[in-house]
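Undergrad: For reference, the sequence and a predicted model appear below.
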Amino acid sequence: MKSDTLSDTMRIKRELEAQITKKSKTEYLISFWYGGKRYRYSNGKVIDLNLSPNLFPIKERIRYAEVLCSAFTMAIREGWRPIQLEAEVTIGSIADRSFKQEAGS
């Protein structure tokens, strides 16, 4: 499959390739692309793993993030895929929801 842009090439190349991403200076996420969407996870709940690296002492977090990344990589190799939600969130839908909540208060 030939891509028209470098961005598309990079996205296709990295699809389903779990990697550690920094959420902040001291917090980590596992992120990857699938079906043209980016997925980010801070724990292993979706792959039935009770591991949350950001709950550990700061000096130990990267080590546990590496374990979590490996677990996602193994789950993906075994056929696990993230659930793709069909509902799209737009600025208008968020504003409408906020307005309805304020009106009901």
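TA: That came through fine.
Undergrad: So what touches the biggest strand by length in the chain?
TA: Determined from DSSP state E, the single longest strand within the chain is strand 28-34. For strand 28-34, the surrounding residues in contact (CB atoms under 8 Å, 6 or more residues apart in numbering) are 11, 14-23, 38-42, 53-54, 61-62, 65, 68-69, 72, 76, 81-82, 84. The C-beta positions use only the backbone N, C-alpha and C, and glycine is treated the same way.
Undergrad: Among those residues, which ones are in helices?
TA: 11, 14, 61-62, 65, 68-69, 72, 76 (DSSP state H).
Undergrad: Which of the residues you listed are buried, as a ChimeraX select command?
TA: ChimeraX command restricting those to the buried ones, with burial defined by 16 or more other CB atoms under 10 Å:
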select :61,65,68,69,72,76
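Undergrad: quick one: which two of the ones in helices among the contacts of strand 28-34 are the most distant?
TA: Using CB to CB, the ones in helices among the contacts of strand 28-34 span at most 27.5 Å, a distance reached by 11 and 61.
Undergrad: now, among the ones in helices among the contacts of strand 28-34, which is nearest to residue 27?
TA: residue 61 (7.3 Å).
Undergrad: roughly how far apart are that closest one and residue 25?
TA: 11 Å (CB to CB, to the nearest Å).
Undergrad: partner residues bridging the one residue sitting closest to the centre of the chain?
TA: Centroid-nearest residue in the chain, with CA atoms, centre = their mean: residue 40, separated by 1.1 Å. Beta-bridge pairing for residue 40 (DSSP bridges): residue 31.
Undergrad: can I assume it is in contact with residue 20?
TA: No: checked against CB atoms under 8 Å, the pair residue 40 and residue 20 is beyond contact range at 10.9 Å.
Undergrad: For residue 33, which non-adjacent residue is closest in space?
TA: residue 15 (4.9 Å; CB to CB, 6 or more residues apart in numbering).
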